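Peer 1: Sharing a model that was predicted from the sequence below.
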Amino acid sequence: MKNQLAIDGGKRAVSDEVKKNLQPWPPVYQETAEKLKAIYMSGKWSFNGPYEQEFSLKFAKYCGARHGVFMVNGTVTLESALHALGVKAGDEVIVPGNTWLATAMAAVYLGAIPVFVDVEPDTLCLDPEKVRKAITSKTKAIIPVHLFGSMADMDKFMKISKEFNIPVIEDCAHAQGGIWDGKGLGSIGHVGSFSFQQSKTLSSGEGGICLTNSDELADKLFRIKHIGYSAGQKQGMAASGPQEGMICHNYRGLEFNAAILLDAMKHLNAQTVLRDKNAMYFTELIKDVPGITVQSRGRKADRQGYYNFVLLLQPSKLKSGITIKEVQAALGAEGMGCGIGGYGPVYKHLLWSVPKSKFKIHSNDVVEDVCTNRQLGMSHTWLLTNKRLMKAMAAAVEKVMSAYCK
Ligand SMILES: Cc1ncc(COP(=O)(O)O)c(C=O)c1O
């Protein structure tokens, strides 16, 4: 029977042959391997070396920001951003309920209180209207996350920022190469924070960067990550120190990582364009399939830097007894593996160890519903392939949903 589900013994919609272009991530390049060897042999591995300087400048420029401050990961970039913006113990920082722990932990590390606010049902990014209602006299920063590559509504967040005089940090860990209304993500808020961890679409295993257009913030960020030195100062030759009370760290990234990123950046644009094109094609193919929608693109996305592609189930349309787990298993059997739920809700995550008195939760109805019952995510690597695979994936979704919907 043509439409028999693979989970019931039918033929798989997504064969190994059609998946042959699906490559492991991150990609590796011979020219980078040679560069890494040369860096190793040079003995110049850290302390704002030439690769770090070149990458910081190039990446900032690519995103349309004046400054880039390279660091060891995308968690300390968020913490440093809050720190540079003056967030202190007891202050409140608004974050979405569905993000990786780091967005909220950045506040916790400074003794500040993360305040979890709900997300929009279409983009799954922080909801500006709900943020307005959560602002108090203690709110000292807002961190919208461009979740899985979709985009928080930066127009609304920058309006709120002006109105309440609260800075905005864009968490762009998932959104390398995204463009909102002509502007690179990470260059719109007061600081943009990126992660270059293993799975990210620009990756060096570990790494992170803060972008900013403010000279003052750039100096503070650099000092915070480099134990108080400013960017122009040589090790052991400080001409000036950080302001009193700004406790600085060693969050320095390595030359090896900066070199990997510089080479990876050569491919970023083409990879982002391909992912975006395939995502739009796949979305179009499944637009009439019953019982399923997709995470919306950023409302003003000129180009979206996909990290995950997210399918959203409509449980009310499913036959009785069918849940997200059955749909996931059936898609997996068709050859299309996807994960349920992403990260959130952060405050329920197994690794969330923060005592109840040290964070606040506003209503997170959308987060709870989406993460538990509705969200099926696929890695961005699926989008780095071709139309043929998109067609096979669409056939799998159609087959499963037609069988499982009322
Ligand atoms: C949304 C988000 N923010 C921040 C981070 C932290 O980045 P890193 O793992 O480089 O510390 C991650 C990492 O996965 C993330 O997904």
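Peer 2: That came in fine, so what should we check first?

Peer 1: ok, the residue in the stretch 201-350 of the chain positioned nearest to the ligand - contacts?
Peer 2: Sorted by distance to the ligand under C-beta to the nearest ligand atom, the residues of the stretch 201-350 of the chain start with residue 208, at 5.1 Å. Bear in mind the C-beta positions are built from the backbone N, C-alpha and C, glycine included. When contacts are counted by C-beta atoms under 8 Å, 6 or more residues apart in numbering, residue 208 is found next to 70-77, 193-196, 253.

Peer 1: Looking at these, state which has the most neighbours.
Peer 2: Scoring the contacts of residue 208 on neighbours with other C-beta atoms under 10 Å, the highest-scoring entry is residue 77 at 34 neighbours.

Peer 1: quick one, phi/psi of the residue of the stretch 201-350 of the chain closest to the ligand?
Peer 2: Recorded main-chain torsions at residue 208 are phi -160, psi 170, according to degrees, to the nearest 10.

Peer 1: who's it bridged to?
Peer 2: residue 71, residue 195 (DSSP bridges).

Peer 1: could we number from 24 for the rest of this?
Peer 2: Yes, from this point I'll number from 24; that puts the last item at residue 231.

Peer 1: What distance do you get for it to residue 85?
Peer 2: Taking C-beta to C-beta, to the nearest Å as the criterion, residue 231 is separated from residue 85 by 16 Å.

Peer 1: next one: residue 300
Peer 2: From residue 300 over to residue 85 the distance is 19 Å, taken as C-beta to C-beta.

Peer 1: Among the two, which residue is more densely surrounded?
Peer 2: Neighbour tally, residue 300 and residue 85, criterion other C-beta under 10 Å: the higher count belongs to residue 85, 19 against 14.

Peer 1: Was I right to think that one contacts residue 208?
Peer 2: No. Using C-beta atoms under 8 Å, residue 85 is not in contact with residue 208, being 10.9 Å away.

Peer 1: per-residue confidence for residue 25?
Peer 2: Looking at residue 25, its pLDDT stands at 69.

Peer 1: no, scratch that, I was asking about residue 367
Peer 2: At residue 367, the pLDDT value in this model is 79.

Peer 1: Residue 301 now?
Peer 2: The pLDDT attached to residue 301 in the predicted structure is 98.

Peer 1: Repeat that for residue 256.
Peer 2: 83.

Peer 1: Name all residues that make contact with residue 246.
Peer 2: 252-253, 265, 269, 271.

Peer 1: How about it: what's its closest non-neighbour residue?
Peer 2: The spatially closest residue to residue 246, leaving aside those adjacent along the chain, is residue 265, at 4.4 Å (C-beta to C-beta, 6 or more residues apart in numbering).

Peer 1: close enough to count as contact, the one you found and residue 251?
Peer 2: Yes. Taking C-beta under 8 Å as the definition, residue 265 is a contact partner of residue 251 at 4.5 Å.

Peer 1: residues shared between the contacts of the two?
Peer 2: Overlap of the contact sets of residue 265 and residue 251 (by C-beta under 8 Å, 6+ apart) consists of residue 271.

Peer 1: residue contacts, residue 130?
Peer 2: Shown here is residue 130, whose contacts under the criterion C-beta under 8 Å, 6+ apart are 105, 110, 116, 118, 136-137, 164.

Peer 1: run the last query once more with 10 Å
Peer 2: Under the criterion of C-beta atoms under 10 Å, 6 or more residues apart in numbering, the neighbours of residue 130 are 101-102, 105, 110, 114-118, 136-138, 163-164, 166, 377, 381-382.

Peer 1: Now, of these, which are buried?
Peer 2: 101-102, 105, 110, 114-118, 136-138, 163-164, 166, 377, 382 (16 or more other C-beta atoms under 10 Å).

Peer 1: Once you drop chain neighbours, what's closest to the spatially most central residue of the chain?
Peer 2: Against the mean C-alpha coordinate of the chain, by C-alpha atoms, centre = their mean, the closest residue is residue 197 at 2.0 Å. Counting by C-beta to C-beta, 6+ apart, the nearest residue to residue 197 once its immediate chain neighbours are dropped is residue 330, at 3.7 Å.

Peer 1: Isn't the residue nearest to residue 246 up against residue 256?
Peer 2: No. Counting by C-beta atoms under 10 Å, residue 265 sits too far from residue 256 to count as a contact (11.3 Å).

Peer 1: residues bridging contact with these two, i.e. touching both?
Peer 2: The contact sets of residue 265 and residue 256 overlap at 245-246, 249 (C-beta under 10 Å, 6+ apart).
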